[in-house]
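Trainee: take this sequence and fold it.
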Amino acid sequence: MTNVYGIINHDYFLMPNPSFLVNIQHIREIDGKNKKLVMENDDVILISRRRYGEVFDALNRYMTNGDF
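Mentor: Numbers count the residues shown, from 1 in each chain. Below is the predicted model of the structure:
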């Protein structure tokens with residue numbers, strides 16, 4: 001999964017933990033207290049402690065660019 005993450009567009013995809021790649025456009029909400037992403041289809045994906053800052057920064061960049 002890490003190899004794939006290395007070649008995809010990080011403007012639209014992020015890796016909240018080593019098991020998942022997530023399309024930012026399909027995230028409904030972020031639960032910062034519990035370190036979870038809630039997807040449009042109601043799936044819940046845990047964000048690893050190590051990647052929380054990276055995920056949060058990517059979502060901020062995405063929202064700042066007006067792509068949401």
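
Trainee: list the helices and strands the helix or strand where residue 52 lies packs on?
Mentor: Taking DSSP states H and E as the criterion, residue 52 maps to helix 52-64. Applying 3 or more Cβ pairs under 8 Å, 6 or more residues apart in numbering; DSSP states H and E, one finds that helix 52-64 contacts strand 13-17, strand 27-31. (Each C-beta comes from the backbone N, C-alpha and C, glycine too.)

Trainee: so for the last one, mean pLDDT?
Mentor: Over the span of strand 27-31, the pLDDT mean works out to 92.

Trainee: Provide the strand pairings for it, with the direction of each partner.
Mentor: If you go by DSSP bridges, strand 27-31 pairs up with strand 36-39 (antiparallel).

Trainee: give me the buried stretch members for the strand it pairs with, please.
Mentor: residue 37 (16 or more other Cβ atoms under 10 Å).

Trainee: next SSE after it?
Mentor: Next helix or strand after strand 36-39 toward the C-terminus (DSSP H and E): strand 44-46.

Trainee: coming back round to it: I'd like the distance from the helix holding residue 52 to the chain centre, please.
Mentor: Distance, stretch centre to chain centre, for helix 52-64: 8 Å (Cα atoms, centre = their mean, to the nearest Å).

Trainee: now do it and strand 27-31, the angle between them.
Mentor: Computed by axes from the mean of the first three to the mean of the last three Cα atoms, to 10 degrees, the angle separating helix 52-64 from strand 27-31 equals 130 degrees.

Trainee: in the sheet, who's paired with the residue lying closest to residue 45 once chain neighbours are set aside?
Mentor: With Cβ to Cβ, 6 or more residues apart in numbering as the measure, residue 37 is the residue that lies nearest to residue 45, at 4.6 Å, once sequence neighbours are left out. Going by DSSP bridges, residue 37 is paired in beta bridges with residue 30, residue 45.

Trainee: tell me the contacts of residue 37?
Mentor: By Cβ atoms under 8 Å, 6 or more residues apart in numbering, the contact list for residue 37 reads 16, 22, 27, 29, 30, 31, 44, 45, 47, 55.

Trainee: quick one: those as TSV, columns for distance to residue 5 and neighbour count too.
Mentor: Formatted as TSV, the contacts of residue 37 follow (distance: Cβ to Cβ, whole Å; neighbours: other Cβ atoms under 10 Å):
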residue	distance to residue 5	neighbour count
16	11	22
22	10	20
27	16	19
29	22	10
30	19	17
31	22	12
44	20	10
45	14	16
47	15	24
55	12	23
